[in-house]
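Peer 1: got a sequence here, can you model it:
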Amino acid sequence: MPNFSEGRFRVSVCPHGGGREVVAWAAMTAYLRERMDVPLTWLPAMDFRDLDAAAQQDAIAYADPARALGLAEQHGFVPVVAATDADGVFLVTSRGAPVTPEAVEGARVAVAAGTFAAALGLHTLYQRGLRPHPVVFSSWQQAVRSVLSGDCAFALLYEATYRLLALRTLRLLQVAAGPWNVATAHLWLVRGDEPLLGLRLTEVLLAMEADPEGRALLTAIGVTGWRRATNELDAAKRVLAQANMPK
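Peer 2: Alright, predicted model coming up:
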């Protein structure tokens with residue numbers, strides 16, 4: 001049984017967004033805490049490995065499909081709610097560089113460790129007969145910096161992450177291909193031994209679109225809305241199995 005410090009239920013969120021999203025997620029946690037009437041506390045994750053390390057202490061997680069699958073299979077989490085937005089992935093490069101996907105053949109492509117964006121992007125390139133050289137970084141920020149420095153020719157990023165980049169960074173990048181997506185999305189998951197917490201979380205999330213404060217928060221975190229989770233993990237498992245993900 002997890003040891004939730006001070007009787008609070010800890011929430012972790014995949015670190016996909018920009019700095020402005022930190023404020024939005026703090027507000028989102030406060031909204032859930034008030035509406036659910038549950039003592040929630042948010043743990044900001046600096047990179048994707050942080051989310052793995054925190055899993056033993058978390059009660060609720062919002063994660064990309066790859067991380068969600070790991071939380072379900074390794075830590076007993078249960079998906080309850082999915083984002084209505086598909087997880088689109090961009091292949092990006094520095095402005096002025098070749099923008100055709102074929103230029104990725106043999107090129108160094110930056111990916112964030114263990115993310116579904118990396119898996120889906122590599123899977124799509126492999127299906128097209130292209131074989132890049134993936135270079136793994138612990139965060140998408142490091143992946144972007146590697147492209148800007150010339151260390152890597154390309155990077156694979158979530159569409160939402162790309163659109164949340166600072167304007168000065170966007171001016172230095174361009175989209176080479178995408179968005180590519182499949183029928184899966186980011187998921188809210190709850191530890192399997194907290195089913196009532198999952199029911200309450202589902203109730204509050206699905207009511208957000210009808211609440212003006214909730215709609216404003218959805219915009220702030222870059223999500224159109226929520227729906228009940230269905231077979232997202234199955235779709236994620238298929239992509240991950242075919243992507244030959246680097247460690």
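
Peer 1: please make it C-alpha for all contacts and neighbour counts, starting now.
Peer 2: Noted.

Peer 1: can you pull the contacts of L157?
Peer 2: 89-92, 111, 117-118, 140 (CA atoms under 8 Å, 6 or more residues apart in numbering).

Peer 1: now it: how far from Q127?
Peer 2: 18 Å (CA to CA, to the nearest Å).

Peer 1: the chain - how does it break down into domains?
Peer 2: 5-85+183-243, 89-180 (automatic domain parsing).

Peer 1: which one of those domains is the most hemmed in?
Peer 2: Of the domains of the chain, the one with the most neighbours on average (mean count of other CA atoms under 10 Å) is domain 89-180, at a mean of 20.

Peer 1: for the most centrally placed residue in the chain, report the pLDDT, please.
Peer 2: Centroid-nearest residue in the chain: D64, 3.7 Å away (criterion: CA atoms, centre = their mean). Per-residue pLDDT puts D64 at 83.

Peer 1: helices or strands next to the longest helix seen in the chain in the packing?
Peer 2: Using DSSP state H, we find that the single longest helix of the chain is helix 19-36. The contact analysis (3 or more CA pairs under 8 Å, 6 or more residues apart in numbering; DSSP states H and E) places helix 19-36 against strand 40-43, helix 195-206, helix 212-221.

Peer 1: for P132, find the nearest of those.
Peer 2: helix 212-221 (31.7 Å; CA to CA).

Peer 1: tell me the angle the closest one makes with helix 19-36.
Peer 2: 150 degrees (axes from the mean of the first three to the mean of the last three CA atoms, to 10 degrees).

Peer 1: list of residues touching the longest helix of the chain?
Peer 2: Residues outside helix 19-36 that contact it (CA under 8 Å, 6+ apart): 11, 38-42, 44, 200-201, 204, 214, 217, 220-221.
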